[in-house]
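# output the structure for:
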Amino acid sequence: MAHAISNENLSPAEKKYSELIHQGDDFFRIEIFRNAKALYTEALECGIHTQEVKEKLSECNRLLAYERKVFSILGIVFGAIAIVTYLLLTF
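Predicted coordinates:
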């Protein structure tokens, strides 16, 4: 998922930052939030702190928390189903 950087006047740090943001956006679009968050975090390490990347990180954190909550609930539901199934089959 390569992106062409159109502005040759960018510093190496700005080019790296731009590419990391584009890659993070690609992962975000296909809902791979953990990878997107890692790339956005790496982009911040370039020393370019924008409100946009901070908001993207915040959104990744929010969606990852929601994802963890959903998986926890599903785990509880499947566990309960397994217990009920076991009890029904043993009696």
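
# report how many residues lie close to residue 60.
23 (other CB atoms under 10 Å). Glycine gets a C-beta too; all of them are placed from N, C-alpha and C.

# renumber starting at 56 from here on
That works, and once the first residue is 56, the last one we named lands at residue 115.

# mind listing what the residue most central in space within the chain touches?
Nearest to the geometric centre of the chain sits residue 88, at 1.5 Å (CA atoms, centre = their mean). Contacts for residue 88 (CB atoms under 8 Å, 6 or more residues apart in numbering) come out as 82, 115, 118, 119, 122.

# any of the residues you listed buried? List them.
82, 115, 118 (16 or more other CB atoms under 10 Å).

# need the three-state assignment for the first one.
Put plainly, it is residue 82. Classification of residue 82 using DSSP: H, G, I helix; E, B strand; the rest coil returns helix.

# picking that back up, which one of the contacts of residue 88 is nearest residue 76?
For these, the closest approach to residue 76 (CB to CB) belongs to residue 82, at 11.0 Å.

# that closest one reaches residue 95, doesn't it?
No. Using CB atoms under 8 Å as the test, residue 82 is too far from residue 95 to be in contact (9.3 Å).

# just the ones in strands from the contacts of residue 88, please.
Nothing among the contacts of residue 88 maps onto strands, per DSSP state E.

# and residue 109, what does it touch?
residue 99.

# quick check: which ranges of the chain have low pLDDT?
56-62 (pLDDT under 70).

# show me where it has helices.
In the chain, the segments counted as helices under DSSP state H are 67-84, 88-99, 106-145.

# which of the ones you listed sits most buried?
Counting by mean count of other CB atoms under 10 Å, helix 88-99 has the highest mean neighbour count of the helices of the chain, with a mean of 19.

# can I get the CA coordinates of that helix in CSV?
Extracted C-alpha coordinates of helix 88-99, given in CSV (Å, rounded to 0.1, in the frame of the first residue of the first chain):
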residue,chain,number,x,y,z
PHE,A,88,-6.5,-0.8,15.0
ARG,A,89,-3.5,-2.3,16.8
ASN,A,90,-1.3,-1.9,13.8
ALA,A,91,-2.7,1.6,13.0
LYS,A,92,-2.0,2.7,16.6
ALA,A,93,1.6,1.4,16.4
LEU,A,94,2.2,3.4,13.2
TYR,A,95,0.6,6.5,14.6
THR,A,96,2.8,6.2,17.7
GLU,A,97,5.9,5.8,15.6
ALA,A,98,4.8,8.9,13.6
LEU,A,99,4.8,10.9,16.8
